[in-house]
Structure formats: structure tokens, C-alpha cells
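Engineer: Can you look at this prediction? I've put the sequence above it.
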Amino acid sequence: MKQAPSSPGAPLPAGVLRRKELRRQRRSERLRLLWRILVFSALSAGLGYVLLRQGWTLGEPAQVEVIGSAVVSRDQVITAAGLRFPQPLMALQPRQVASNLMGALPVEQVKVSRLMLPPRLRVELKDREAVARAERRTDRGPDMGFVDRLGNWISIRQHMGVLRQGDLSLLVVGWNARHRAVLARVLKEREALGPGLREIRFEPDGSLWLTITQLGRVRLGPPDARLPRRLEVVAHLSRILPTSMKGSPPLLIDLSDPEQPELSMGSKGRTAAPARLLKPRLSPAGAQ
């Protein structure tokens with residue numbers, strides 16, 4: 001039999017009342033949670049605004065820390081970065097500041113950090129070191145300067161504030177921005193190539209040449225993927241060729257094909273290098 005519907009004035013069952021009470025409590029809890037979120041968001045926004053505008057602010061040059069450089073001063077950093085005081089600290093973008101400093105200062109590396117307690121800007125620098133003299137071709141003729149170990153150009157004016165390494169007897173001729181990576185690789189192998197490395201030359205056609213006291217002129221050919229092998233062979237020849245040949249060094253060594261070097265002995269013409277000069281076959285991990 002079907003249960004007769006309760007009359008309009010009859011009390012609701014206990015289960016129905018509990019469900020209604022639970023729904024009411026859940027709605028009330030959601031409203032309280034929403035209200036807390038709104039209050040905390042407003043407080044956070046207000047506090048953040050106050051800190052950004054009043055608290056985390058660079059108010060004077062003394063709040064800019066410059067470390068790691070022996071030639072760049074705080075004033076130079078402030079000028080190069082375009083800082084104005086007071087300066088909201090959080091409005092500064094470290095990457096952009098570092099990029100500005102790299103383009104304006106004679107430095108090799110820049111790291112910029114924002115520090116909050118107390119508010120300050122820390123700039124860590126690594127000075128460039130001039131390792132060789134350099135010459136590049138311009139529309140107005142040859143332009144003299146210097147290069148650092150990464151192959152970056154250093155003008156005469158910039159060199160006034162750059163550390164010097166050694167006697168700068170090495171000369172780089174035909175410097176070009178596209179040669180930086182290749183030049184850096186050759187400079188990295190400078191000691192292995194022998195103490196007599198006097199010149200690194202980039203010809204207009206892209207060919208790379210070395211002039212070494214013990215070997216004479218060395219043609220490395222195009223600076224392609226075989227460059228490491230060519231430099232390896234040069235280092236090998238620098239060790240054994242001067243002691244295995246009598247008299248003056250060869251006038252020219254062609255390493256366009258590093259596996260078959262060709263030596264030019266002046267009036268005797270060009271001859272293939274003896275096989276024993278390249279045996280055993282060298283490997284990048286260790287040459288004998």
C-alpha cells in the first residue's frame with residue numbers, strides 16, 4: 001500500500017530536516033570562505049603596493065652593490081644601467097639590466113640580483129682580459145683593437161679599463177663578429193699549439209691561417225667541423241717537427257686535409273708530410 005502524503009501542517013521527518021540543515025551550513029561556510037579570500041586578497045594587494053612603492057625601493061647609490069670587478073666602479077654601473085633614484089626595486093628586470101651592462105661595460109660576465117632585506121641591487125661582474133692584439137677591416141680601413149679569451153672585440157677606448165694578460169704578442173688579423181666562436185676555440189688551444197704562435201689570420205674568403213715560429217705559416221682551411229682535428233695535428237707537429245727536421249722550419253704547412261698534411265720547403269716545392277709525423281693516429285682524448 002502507498003503511504004499517504006503528509007498534510008501541509010504536519011512536521012517534516014527528521015532526515016529531511018538534517019539534510020536542509022547541512023545544506024544551510026555548507027552555504028554559510030562557502031560564504032565565510034569567500035569573504036576570507038576577498039579580505040586576504042585586498043590586504044595582500046595593499047601590502048604589496050605599499051612595499052613596492054615605499055618599502056622595496058632603491059633610495060640612494062649606496063644600495064647598489066658591485067662586486068668582482070677591479071676596473072668598473074659603482075658609478076659606471078649606475079650610469080650604464082640607467083638607474084634613477086628613488087627606484088622601485090621590483091620594477092627592475094635583472095636580465096634587462098644585465099644586458100645593458102654587457103653592452104656598455106668592458107666585462108665578460110654579468111649577474112644581477114634583487115635583494116629584499118635590506119633592499120639593494122647586487123651586480124656581480126667578471127672583467128674582460130685582453131689576451132691578444134687584433135685588427136679588423138672597416139669601410140674606413142683597418143681598425144686596431146684587442147680581443148678577450150672568448151673572441152670578443154675590445155676597442156682601444158675600452159682597453160683603457162681592461163685587464164691585460166701576458167705581453168699581448170699574439171696578433172689576430174681579419175677579426176669579424178662571425179669568427180668569435182672559432183677564434184675562442186683557437187685561443188683555448190693556444191698553449192698546445194706551442195709558445196711560438198704569433199698570428200691568427202682570417203682571410204676574406206673565410207680561410208684560417210696560423211703563423212707559428214717553429215712551423216712557419218699553417219693553412220687550416222675553412223673553420224668547419226674538422227677544425228678540432230686540424231688544431232690537434234698542429235699541436236702534434238709543433239712537438240715533433242722542429243726536432244725531426246734540420247735547419248729552418250717549413251715555409252708553409254697545408255692542413256686543409258688534416259689526415260694528409262702538405263709541407264712546402266721553399267725551392268723544393270710542396271711535398272706530402274711523412275706518414276710517421278702523424279702516426280700513431282691522434283685522438284682528442286690524449287695525444288702522444
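Structural biologist: Received it, and whenever you're ready, just let me know what you need.
Engineer: tell me, which helix in this protein spans the most residues?
Structural biologist: Criterion DSSP state H: the longest helix present in the chain is helix 14-50.
Engineer: moving C-terminal of that helix, what's the next helix or strand?
Structural biologist: The helix or strand immediately downstream of helix 14-50 is strand 57-58, counting by DSSP states H and E.
Engineer: Distance from the chain centre to the helix or strand just after that following strand, please.
Structural biologist: Going down the chain from strand 57-58, the next helix or strand is strand 64-67, by DSSP H and E. In terms of C-alpha atoms, centre = their mean, to the nearest Å, the centre of strand 64-67 is found 20 Å from the chain centre.
Engineer: list the buried ones in the helix or strand following strand 64-67?
Structural biologist: Going down the chain from strand 64-67, the next helix or strand is helix 74-81, by DSSP H and E. Using 16 or more other C-beta atoms under 10 Å as the burial criterion, the residues of helix 74-81 that qualify are Q76, V77, I78, A80, A81. Where C-beta positions appear, they are placed from N, C-alpha and C, glycine not excepted.
Engineer: same check, this time on stretch 224-242
Structural biologist: For stretch 224-242, by 16+ other C-beta under 10 Å, it's 226-227, 229-238, 241.
Engineer: I'd like the buried residues of helix 74-81 written out as a markdown table, with distance to A91 and pLDDT added.
Structural biologist: A markdown table is the format used below for these (distance: C-beta to C-beta, whole Å; pLDDT from 0 to 100):
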| residue | distance to A91 | pLDDT |
| --- | --- | --- |
| Q76 | 22 | 93 |
| V77 | 17 | 95 |
| I78 | 16 | 95 |
| A80 | 18 | 93 |
| A81 | 13 | 93 |
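Engineer: Out of these, which is nearest to S256?
Structural biologist: Looking at these and their distance to S256, the nearest is A80, at 44.4 Å (C-beta to C-beta).
Engineer: Relative to S69, how far out is V107?
Structural biologist: Using C-beta to C-beta, to the nearest Å, V107 is found at 7 Å from S69.
Engineer: cool, and S207?
Structural biologist: Distance, S207 to S69, by C-beta to C-beta: 38 Å.
Engineer: For the two, indicate the residue with more neighbours.
Structural biologist: S69 (22 against 15; other C-beta atoms under 10 Å).
Engineer: residues in contact with the more buried one?
Structural biologist: Applying C-beta atoms under 8 Å, 6 or more residues apart in numbering to S69 gives the contacts V107, L125, K126, D127.
Engineer: show me where this structure has helices.
Structural biologist: Under DSSP H, the chain gives helices at 14-50, 74-81, 94-104, 156-159, 180-188, 227-244.
Engineer: Distance to L215 for these - can I get that in CSV?
Structural biologist: What follows is these, written out as CSV (distance: least, C-beta to C-beta, whole Å):
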stretch, distance to L215
helix 14-50, 66
helix 74-81, 43
helix 94-104, 37
helix 156-159, 30
helix 180-188, 14
helix 227-244, 6
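Engineer: burial count for L220?
Structural biologist: Counted with other C-beta under 10 Å, the neighbours of L220 add up to 25.
Engineer: Report the contact partners of it.
Structural biologist: S207, L208, W209, L210, L227, R230, L231, V234, L255, S256.
Engineer: Not counting sequence-adjacent ones, nearest residue to it?
Structural biologist: Spatial nearest neighbour of L220, chain neighbours left out: L208 (4.3 Å); criterion: C-beta to C-beta, 6 or more residues apart in numbering.
Engineer: before we move on, what about S169?
Structural biologist: R198 (6.9 Å).
Engineer: give me phi/psi at P106?
Structural biologist: phi -80, psi 70 (degrees, to the nearest 10).
Engineer: ok, back up a step: please spell out the PyMOL selection for the buried subset of the contacts of S69.
Structural biologist: The following PyMOL line selects those of these that are buried, judged by 16+ other C-beta under 10 Å:
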select buried, resi 107+125+127
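Engineer: which one among the buried residues of helix 74-81 gets closest to V97?
Structural biologist: A81 (5.1 Å).
Engineer: pretty sure that closest one contacts N100?
Structural biologist: Yes: taking C-beta atoms under 8 Å as the definition, A81 is a contact partner of N100 at 5.5 Å.
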